[in-house]
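Peer 1: Here is my input; please provide its structure:
(one chain, ligands or ions: 1)
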Amino acid sequence: MVTFLGCIADDFTGATDLASMLARSGVNVSLRIGVPRTEPKNTADIEVIALKTRSIPASDAVKESLSALKWLKQAGAKKFFLKYCSTFDSTSKGNIGPVSEALMGQLGINQTIYCPAFPENGRSIFMGNLFVGQKLLSESSMKDHPLTPMKDSNLVRLLSAQVTNSVGLADHMIVNNGADILKEKLIALKKDGVAHVVVDAVAEKDLEIIANACEDMDFITGGSALAMPLAELYKLSGKISENNNIYRNHELTFGSVVLSGSCSEMTILQVKDFIERGAVAFQLDPIDMAENGIKKVLDWLTEQDFTKNIIIYATADPNIVRTVQDRLGVENAGRIVEQGLSECAVKAKEIGAKNFIIAGGETSGAITKALNISQLDIGIEIAPGVPWTFFGTKNNQMALSLKSGNFGKVDFFTEALSKLENL
Ligand code: ADP
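Peer 2: Numbering: from 1, shown residues only. From the prediction side, this is the model:
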């Protein structure tokens, strides 16, 4: 199959989110973790490459993004999408602008748009300013983000500091008038030499208008919400076709296990709910693991009846996490937990587990690496932005659900398993 749309995402769970939005249109979507080392073969209609570039220096991000672009072009991609966070995580030294400008240069393109809006999740853009719920980005909790503190909400200003070519705005008055007017505006801006256009969007309907106006563009940048109507349009115009059979092959055979290293508020509730519903649980104690290793949990895992629901978790309330971090150091504590959960995953696979639900963005990255997973086929969505994904061939297939932070409802783990049973 020749790929039509090639996507580059600046982090792993962002890529999963994007892939699941694209898969809503019912087309084949494949997620690659990092730029594949081998030449493209049997690629999907839509290929998403997950990079880890969100917080790295611009020159490194540019290099990696260009290498992803090269692979996607080799896969046959005709259209390209650069995906970043709906909170536009980047400062004046940020890499969204430089990466975009480098990709445009490589593709020979002189204009693109920027639209991180995700109205379903409360991210909207009005007069070039990004809002999180009712707050300006610079007044939201993002203002104190440890890596990318967002002190300015104005995307035109933020972007102008990052790029060499000029930046403009297609505001909501334009977008609200429909795709044709927006198209005209983009042409007018292009005549004025504007290469980077921030586009307002406050509702789903705006994203549909933007997708319609920009369907013919070869390179678009934005959040995952904009990609969704685009995929739908590519399908409607026959550029890609519906084919969602790949993940129907999965057989829910022996063994599902939940591994949770997320300490986000929602994950804490989800772990509690799963245990209350009767899951057999093992709580990891990072301090004990630092002192005595992880033999205890591996032995426990070996004794389990895999017809039951099993969960291993390090998830804990913030005050407990703080105590652990004070004792072990923040990074060290994180590493010990990630390594421990990774070894549990490898052991579970050895015993025969086929289905893994993993909670935590960093945790997901560590576990997929330990399981040697470099590519995932995107399947049915469990919660917005969290799909079941599949790895391996028909007779030796694993199902993985990678859930970051606050995604999903309280009964997410139960819901995920029931979705899998009913495929
Ligand atoms: P989220 O997506 O919710 O942010 P992550 O997996 O990205 O979850 O991050 C959670 C981090 O916290 C991981 O590095 C994990 O190893 C670490 N962690 C998990 N449980 C504990 C704990 N009990 N004590 C200290 N650190 C922990």
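
Peer 1: interface residues of the chain facing the ligand?
Peer 2: 261-264, 267, 286, 314, 316, 321, 324-325, 333-334, 337-338, 360-363, 404-405 (Cβ under 6 Å from any ligand atom). Glycine gets a C-beta too; all of them are placed from N, C-alpha and C.

Peer 1: try it again with 8 Å
Peer 2: 13, 261-264, 267, 284-286, 313-316, 320-321, 324-325, 328, 330, 333-338, 341, 359-366, 403-406 (Cβ under 8 Å from any ligand atom).

Peer 1: for the residue of the chain found nearest the ligand, what are its contacts?
Peer 2: Residue nearest to the ligand within the chain (Cβ to the nearest ligand atom): residue 360, separated by 2.4 Å. Applying Cβ atoms under 8 Å, 6 or more residues apart in numbering to residue 360 gives the contacts 260, 261, 262, 263, 264, 267, 403, 404, 405.

Peer 1: and of those residues, the nearest to residue 36?
Peer 2: residue 404 (22.7 Å; Cβ to Cβ).

Peer 1: Spit out the contact partners of that closest one.
Peer 2: So residue 404 contacts 13, 16, 262, 359, 360, 361, 364 (Cβ under 8 Å, 6+ apart).

Peer 1: quick one: low-confidence ranges for the stretch 51-200 of the chain?
Peer 2: 146 (pLDDT under 70).

Peer 1: how about the helices in it?
Peer 2: 58-74, 96-107, 155-160, 172-175, 179-191 (DSSP state H, counting those that start in this stretch).

Peer 1: which one's the longest strand in the chain?
Peer 2: Counting residues, the longest strand found in the chain (DSSP state E) is strand 375-383.

Peer 1: Which secondary structure elements does it sit against?
Peer 2: helix 12-23, strand 29-33, strand 386-391, strand 398-403, helix 412-421 (3 or more Cβ pairs under 8 Å, 6 or more residues apart in numbering; DSSP states H and E).

Peer 1: Just want the angle from the shortest one to helix 12-23.
Peer 2: When you say that, I think you mean strand 29-33. 170 degrees (axes from the mean of the first three to the mean of the last three Cα atoms, to 10 degrees).

Peer 1: The chain should start at 454 in everything you say after this.
Peer 2: Sure, I'll start counting at 454 from here, so that last one is strand 482-486.

Peer 1: Now do the buried residues in strand 482-486.
Peer 2: 482, 483, 484, 485, 486 (16 or more other Cβ atoms under 10 Å).

Peer 1: again, but for the last one
Peer 2: Residues of helix 865-874 classed as buried: 865, 866, 867, 868, 869, 870, 872, 873 (neighbour count, 16+ other Cβ under 10 Å).

Peer 1: does the second one really touch residue 723, like I thought?
Peer 2: Right, residue 866. Yes: judged on Cβ atoms under 8 Å, residue 866 makes contact with residue 723 at a distance of 5.9 Å.

Peer 1: hmm, back to that, among the buried residues of helix 865-874, show me the least confident.
Peer 2: When these are sorted by pLDDT, the bottom entry is residue 873 at 86.

Peer 1: Outline the domain layout of the protein.
Peer 2: 458-689, 709-874 (automatic domain parsing).
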